[in-house]
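Engineer: Any chance you could fold what I've pasted below:
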Amino acid sequence: MKLKNTLLLFLIIPLLSFSVHKYYLSLTQINYKPEAKAIQITINVFMDDIETALNKDNNIDLQLTTKKELKNNDIYFENYLKDKLFFKVDNISKNFNYIGKEYDGDLVFFYLEIENIEKVTTIDVTNKILIEHFDEQQNLIKSKVNGKSKSKLLTKEENSVQLKY
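Structural biologist: This is a model prediction of the structure:
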């Protein structure tokens, strides 16, 4: 009986030590394509997080990936990204074009592009995506420009970075 209780404890204690932990992380990938003279940007965020943020900010009910999904939701996504994400290329502010989005599992991928970029020596990124909704939100920036890769993890306290190439 004592052996049985000991084995049971060894099984239960490890199971109790694992708890469900919610991570708040987005990934922004920045790639300069010299042949296209463009910076291509892909952002992925957790679907439930962006849906929560947009629903609260706009007093709507997006219902992503359901039959009741709002038909014009790209307007909300584009406006949100233009309000939370900013770029400078070689110290000049640049607007991005919102290309679109796609769903993959529990992620939403956003596609953006900055056109007419002849060369890149620095990119400044300010990323406030989901920061006001989730205190633990982190936004990872990964870039590849002129064959050089750079990355930086941004937080609520530090939401901007200058990447030098």
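
Engineer: Roughly how far does K150 sit from T126?
Structural biologist: 16 Å (CB to CB, to the nearest Å). The way it works is simple: take the backbone N, C-alpha and C, and place the C-beta from them, glycine included.

Engineer: Let me fix that, I meant to ask about F110.
Structural biologist: F110 is 16 Å from T126, by CB to CB.

Engineer: can you check L70 too?
Structural biologist: Relative to T126, and taking CB to CB, L70 is found at 28 Å.

Engineer: ok, back up a step: higher neighbour count, F110 and T126?
Structural biologist: Neighbour count, other CB atoms under 10 Å: between F110 and T126, F110 has more, with 24 against 14.

Engineer: Could you check how far stretch 102-111 is from the centre of its chain?
Structural biologist: On the basis of CA atoms, centre = their mean, to the nearest Å, stretch 102-111 sits 10 Å off its chain's mean C-alpha point.

Engineer: all helices for the chain, in order.
Structural biologist: Here the chain has its helices, by DSSP state H, at 2-17, 47-58, 73-84.

Engineer: just flag whichever of those has the lowest average confidence.
Structural biologist: Ranked by mean pLDDT, these bottom out at helix 2-17, with a mean of 48.

Engineer: A53 touches Y80, doesn't it?
Structural biologist: Yes - A53 is within contact range of Y80, at 7.2 Å (criterion: CB atoms under 8 Å).
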